[in-house]
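Any chance you could fold what I've pasted below:
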Amino acid sequence: MEKKKLSEENVRFNNEIKKIVLDILEKNKKPMIEISLSDEKPNLFQSKFGGVPYLPKNVEVPKNKENQQLTLLAQINIEELPKNNIYPMKEGILQFWILNDDVLGLDYDTHLGDGFKIIYYKDIDKSVTEEEVLEKYKPYKDEDSYFPVEGEFSLSFKLTDGYCTASDDRFSKLFVKEIEKFEKEKGEEYKEIFEKYRKNNLGYNICYDFYEIFEEDKNLNDKLFGAGHKIGGYPDYTQNDIRDEEYEILLLQIDSEETEKNEIIWGDCGIANFFIREKDLKELNFDRAIYNWDCC
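From the prediction side, this is the model:
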């Protein structure tokens, strides 16, 4: 389809909108650890998605209240992370477990529930063997389930800037505030353009009304619509932001991705997030963390 030719006025308007968004992103950026995948098989103690979990000798596999074993979704070896202030831990292993049932352990009402657990081991016993773990690791599998991680992945990490994504409710609030200010200052200059947006419910679905402007700029698009696997920064969703404001720390995000040998897929190419409150993370209390996954 041929790209619609814009008037000089529209070009100026679009450029001003892009600047507003870039200013919002720069002012509100925060540290993020970007996670990259490899098909190389990780050992028992390394960071991984899927695969065999580390379990201390006298520790059982996490279970739900019905005594069904959960499945390891992700394991983060803290010492493999770049120096950061996202996690307060500087050593040990953090694990994310979910129930392999038809909803992958999700409680749609509370996002707490019994279908997932986050467990932290500060001290690692390197004498544990994979054979010992496999003797007790017999995770439950529902006949209607489709576990998102097929195979297993080694992980590598990079500390970078995390930008507020368009699907994060905070972006909408920030953008609405700035666009209302912009309209007060330049409403007369761009009167006809604003009138067109008004006909499209500007002020109600304001971000969606401006998506074409956001998406036409690659720099802006990469920052605002960046999903992927990450620790910290801002979450991305295929549906809606499910958090209360106090759950502002993104413990882990796992996206859908296909590699040469394996794949991760949440439903129809969705994405999963784990969140925690700042006070709980400082206390290493993961019992009140919340979990969500959604798809198109």
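
Please count neighbours and contacts with C-alpha atoms only from this point.
Noted.

Now for I118, how many residues are close by?
22 (other Cα atoms under 10 Å).

what residues are up against V133?
Taking Cα atoms under 8 Å, 6 or more residues apart in numbering, we find V133 in contact with V52, P53, Y54, L55.

any idea which of those is closest to G162?
P53 (28.7 Å; Cα to Cα).

Can you tell me how far the closest one is from K27?
To K27, P53 is 39 Å away according to Cα to Cα, to the nearest Å.

which residues in the stretch 1-150 of the chain form strands?
Secondary structure of the stretch 1-150 of the chain (DSSP state E, counting those that start in this stretch): strands at 30-38, 48-50, 71-77, 93-98, 116-121, 149-150.

coming back round to it: which of the contacts of V133 count as buried?
Buried residues within these, counting neighbours by 16 or more other Cα atoms under 10 Å: V52, P53, Y54, L55.

List just the nearest of those to K177.
Using Cα to Cα, those come closest to K177 at P53, 46.0 Å.

Put together CSV for the strands of the stretch 1-150 of the chain, with distance to I86 and mean pLDDT on each row.
Below are the strands of the stretch 1-150 of the chain laid out as CSV (distance: least, Cα to Cα, whole Å; pLDDT from 0 to 100):
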stretch, distance to I86, mean pLDDT
strand 30-38, 7, 97
strand 48-50, 19, 98
strand 71-77, 13, 98
strand 93-98, 13, 98
strand 116-121, 15, 98
strand 149-150, 25, 95
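
Closest to K83 out of the contacts of V133?
Distances from K83 to the contacts of V133, taken by Cα to Cα, are shortest for Y54, at 22.9 Å.

buried sites along whichever strand in the chain runs longest?
Identified as the longest strand of the chain according to DSSP state E is strand 152-162. Buried residues in strand 152-162, counted by 16+ other Cα under 10 Å: E152, F153, S154, L155, S156, F157, L159, D161, G162.

The first one is in contact with Q46, isn't it?
No - under the contact definition of Cα atoms under 8 Å, E152 does not touch Q46, with a separation of 11.6 Å.

tell me the contacts of the residue positioned nearest the centre of the chain?
For the chain, the residue sitting closest to the mean C-alpha position, by Cα atoms, centre = their mean, is Q253 at 3.1 Å. Q253 makes contacts with G228, H229, K230, I231, P235, I271, A272, N273, F274, as judged by Cα under 8 Å, 6+ apart.

so the closest residue to the second one other than its chain neighbours bridges to which residues?
To tie it back to what came earlier, the one meant is H229. Residue nearest to H229 in three dimensions, not counting chain neighbours: I254, with 4.7 Å by Cα to Cα, 6 or more residues apart in numbering. The partner list for I254 in beta bridges (DSSP bridges) reads A272.

Can you tell me how far I254 is from N58?
Counting by Cα to Cα, the gap from I254 to N58 is 29 Å.

These two: who's more crowded?
Neighbour tally, I254 and N58, criterion other Cα under 10 Å: the higher count belongs to I254, 27 against 5.

what's the spacing between that one and S7?
41 Å.

closest to P82 among the contacts of Q253?
I231 (11.3 Å).

tally of neighbours for the closest one?
Neighbours around I231, by other Cα under 10 Å: 26.

same thing with E258?
For E258, using other Cα under 10 Å, the count is 12.

Beta-bridge partners for the nearest residue in space to it that is not next to it in sequence, please?
Closest residue in space to E258, ignoring its immediate chain neighbours: I264 at 6.2 Å, by Cα to Cα, 6+ apart. Per DSSP bridges, the residues bridged to I264 are V149, E257.

What residues does I264 make contact with?
Applying Cα under 8 Å, 6+ apart, we find I264 in contact with P148, V149, E150, D255, S256, E257, E258.

if I look at the last one, how far off is D161?
Right, the one you point to is E258. From E258 to D161 the distance is 24 Å (Cα to Cα).

any idea which helix or strand comes after the helix or strand of the chain with the lowest mean pLDDT?
In the chain, the helix or strand scored least confidently by mean pLDDT, DSSP states H and E is helix 206-209, which has a mean of 69. Counting by DSSP states H and E, the element after helix 206-209 in chain order, helix or strand, is helix 211-215.
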